[in-house]
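Engineer: Below: sequence and its predicted model.
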Amino acid sequence: MTDHTLERRCSDVLARLEALRAQDAPTHGGRVLSYVYDSGLAALDQLAADAARLVQPVNGLDPTVFPSAGVMERELVEFVRGTLHGSGEVFGNVTSGGTESCILAVKAARDFRGLPPGRGSLVVPTTVHAAFHKAARLLGLELVLVPVDPDTAVVDAEAVGAALREDTVLVVVSAPSYPFAALDPVVEVAEITLAHSIPLHVDACIGGLALPWWGDLPPWDFRVPGVTSMSADLHKYGYAPKGVSVLLHRGRDLHRQQYFGLTDWPGYPVVNPTLLGSKSVAALAGAWAISHVLGAAGYSDLVSRARSATAELVSTVSRIEGLRVVGNPVGPLFAVAADLDVAPDRRVDPHRWMAAVGRRGFVLQGQPESTQRDGTTLPRTTHLTITPVTESVLTELAEALIVGADDARGVAAAEAPAALRQLAAAFESGEVTVADVLALPADALSAALVSAGLDPKDSGNGAGGEDSGGSQLDMAAVLAAVEALPRAVTARLLVEFLAGLVEP
C-alpha cells in the first residue's frame, strides 16, 4: 500500500467515524443529563486528548517497564486520598471505572475475611449501584438487600445492623446513591460495622469529586472510623475521559488483597491490581493531567457551578404541579417522581415527562418503579445529572422541564408493547413461568423482541427519536415493560436486545 493510498483510506475511515458520531446524543453542551460529565472548559478536553496521545502506546501492565504509568497512578491516588481525607494509612490504585472499583472492593474484602470462593454475603441498601450486584454474582456471594425509606431513599443503620451475618464480608453504603442522590448514614453504619469487625465500603463513585466541596454535610469519607474502603470516579466529576476511577483501602493488608499475583506458570511473573492485565493508560493520563491543572481550587469552582445549577433546577421542579423531587438529594443529581398528593388529572408521569423534555432537545434518564423486599415501593422516576456546563443552558432547560410537564400533565403512563403486555398477562394467569422464558434459546427471545416492535436493527442507527429523549427507542414503553414483567425476564430480554445491537 502506498503512502498516498494509506492517507486516503485513513481520511475515509475518519470521515465515516465523524458521520457515525453525528448520530450520537451530544456529549457536550449540557443536553444529556446522564452518562457524560461536561466541565464546560474546552481546554480540559484538549489537555486530556494531548495527554492521551503522549501515552497512546504505553502498556499499563508493567510500571517497571513504563514508569510513567506508575508515577501518574501514584500521584492521582495521592490526590484523591487527600480529597477524601485519607491519611498515610490509605492506599489504592487506579481502575478502569466505577464497576471495576466496586468489584475489586468486594474481592479484597472477601479475601481479607479469609472466606473461600463461593461463600459469604454482601450487605447493601436497595439503592446500591448495580455494580455490587455484578460483584456478588461474579464472586459467588449472597447479596443481602436492605430496604430504604420509600420517602427519603436513605437506608436505616439499625436495619443494616440487623442484616449482618457471620459470613458477611462487606457492607456498602453510598455517598450518594445514584438513583435518588441519597446520602446514606455513613457514621451510624460505620459504628455498627466497626463493632462487628466487618469492613465498610463507601461507594462515592459519583460523589467522590463533588461532595468534598458541596458544603456542610455529615462525615462520609475516611474521617469516619470504620470506613475501610472508598471508590471515586475521575471520569465523572473529575472530568477525565472514560474510564478511570480510584479505589482506596485503609491499611496495606486490605489493599494487598485487591491484587492478583501469579509466578507458578512458565511465563513472566503476573501481578495485577486490576481485573485487566494489558491496559491503556490514556484515561489515567487525562485524569492525572486534569487533577494537576485544576487542583482542589479548580474542582471547588466547578462544583460551585454544578451546585448552583442543581439548586435552581430542584427549585424549578418543586414548583411544577404534578411532580416532586424525591427525598433530599445530596450532590449534583436528583430524581423526580409524580406528585401523588394532587388529583390524577393534574399529575405528571415522570416517563411521559422525560419523553416530552426529550422532544425539546434534552436527554433525561428514566428509572422504573421498584418493589423492595419488605413490600414497600420506590417510585417510578426520571433522573437528572447536573454538570458545570448546565449553567450555560439553565434557562432553556428549565423552560423545557416546565413546558414538558404541561404536555404530559394528566396523560396516562405509557404501556408496554402489546406483545409484552400479553406475556405479562400469561405470567399473571400462570400459563408461563420465569423459568420457561429463561430456558428459551436466544433466537426465540430475539424473535419475541421483534414481534414486540423492539428490533435492535431498527434501534441502533441513530439518535433523536420523537419520544425517546435521545434514541429511536420509546424508553417510556420499555420502562413500562420492565415494570410489568418479572425483573429476571426483562433483564434477559434487554441482554438480547443489547447483544442484537452489535451483531454483525
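Structural biologist: Here it is on my side, so go on.
Engineer: the bottom helix or strand of this protein by mean pLDDT?
Structural biologist: helix 456-459 (a mean of 78; mean pLDDT, DSSP states H and E).
Engineer: Now the element after it, going C-ward?
Structural biologist: Going down the chain from helix 456-459, the next helix or strand is helix 475-484, by DSSP states H and E.
Engineer: tell me what that following helix is packed against?
Structural biologist: Here helix 475-484 touches helix 350-358, strand 365-367, helix 418-429, helix 487-501, going by 3 or more C-beta pairs under 8 Å, 6 or more residues apart in numbering; DSSP states H and E. Backbone N, C-alpha and C define where each C-beta goes, glycine included.
Engineer: Put the alpha carbons of the least confident helix or strand of the chain into PDB.
Structural biologist: The C-alpha trace of helix 456-459 is given here as PDB (Å, rounded to 0.1, in the frame of the first residue of the first chain):
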ATOM      1  CA  PRO A 456     -32.300  -4.000  17.700                       C
ATOM      2  CA  LYS A 457     -31.500  -3.500  14.000                       C
ATOM      3  CA  ASP A 458     -34.100  -0.700  13.900                       C
ATOM      4  CA  SER A 459     -32.900   1.000  17.100                       C
END
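Engineer: That helix - contacts with which helices or strands?
Structural biologist: Applying 3+ C-beta pairs under 8 Å, 6+ apart, we find helix 456-459 packed against helix 487-501.
Engineer: average pLDDT for the helix it packs on?
Structural biologist: Across helix 487-501, pLDDT averages out at 92.
Engineer: do the same with stretch 56-65
Structural biologist: 95.
Engineer: ditto for stretch 389-405
Structural biologist: 97.
Engineer: Buried residues, that stretch. List them.
Structural biologist: For stretch 389-405, a neighbour-count test (16 or more other C-beta atoms under 10 Å) marks 389-391, 393-394, 397-398, 400-401, 404-405 as buried.
Engineer: domains in the protein, as residue ranges please.
Structural biologist: 50-291, 418-501 (automatic domain parsing).
Engineer: right, so the helices and strands packed on helix 475-484: which one is the most enclosed?
Structural biologist: Comparing those by mean neighbour count (mean count of other C-beta atoms under 10 Å), helix 350-358 comes out on top with a mean of 27.
Engineer: Would you mind getting the angle between the longest helix along the chain and helix 350-358?
Structural biologist: Counting by DSSP state H, the longest helix found in the chain is helix 282-318. Using axes from the mean of the first three to the mean of the last three C-alpha atoms, to 10 degrees, the inter-axis angle of helix 282-318 relative to helix 350-358 is 110 degrees.
Engineer: what pLDDT, on average, does helix 282-318 get?
Structural biologist: Here helix 282-318 scores 98 as its mean pLDDT.
Engineer: counting contacts, what elements does whichever helix or strand comes after it pack onto?
Structural biologist: Going down the chain from helix 282-318, the next helix or strand is strand 323-325, by DSSP H and E. Applying 3+ C-beta pairs under 8 Å, 6+ apart, one finds that strand 323-325 makes contact with helix 282-318, strand 333-338.
Engineer: Just name the most buried of the ones you listed.
Structural biologist: For those, the largest average neighbour count (mean count of other C-beta under 10 Å) is found in strand 333-338, namely a mean of 25.
Engineer: and that strand, how far out from the chain's middle?
Structural biologist: Mean C-alpha position of strand 333-338 versus that of the full chain (C-alpha atoms, centre = their mean, to the nearest Å) differs by 16 Å.
Engineer: re the thing from before, which of the helices and strands packed on helix 475-484 sits closest to A442?
Structural biologist: Closest approach to A442 among those (C-beta to C-beta): helix 487-501, 6.1 Å.
Engineer: Could you tell me the angle between the closest one and helix 418-429?
Structural biologist: Using the same axes, to 10 degrees, helix 487-501 lies at 150 degrees relative to helix 418-429.
Engineer: and of the helices and strands packed on strand 323-325, who's closest to F362?
Structural biologist: helix 282-318 (11.0 Å).
Engineer: That closest one - contacts with which helices or strands?
Structural biologist: Applying 3+ C-beta pairs under 8 Å, 6+ apart, one finds that helix 282-318 contacts helix 42-54, helix 67-83, strand 323-325, strand 333-338, helix 394-408.
Engineer: Let's have these in JSON lines, adding distance to L275.
Structural biologist: Below are the helices and strands packed on helix 282-318 laid out as JSON lines (distance: least, C-beta to C-beta, whole Å):
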{"stretch": "helix 42-54", "distance to L275": "21"}
{"stretch": "helix 67-83", "distance to L275": "16"}
{"stretch": "strand 323-325", "distance to L275": "37"}
{"stretch": "strand 333-338", "distance to L275": "27"}
{"stretch": "helix 394-408", "distance to L275": "38"}
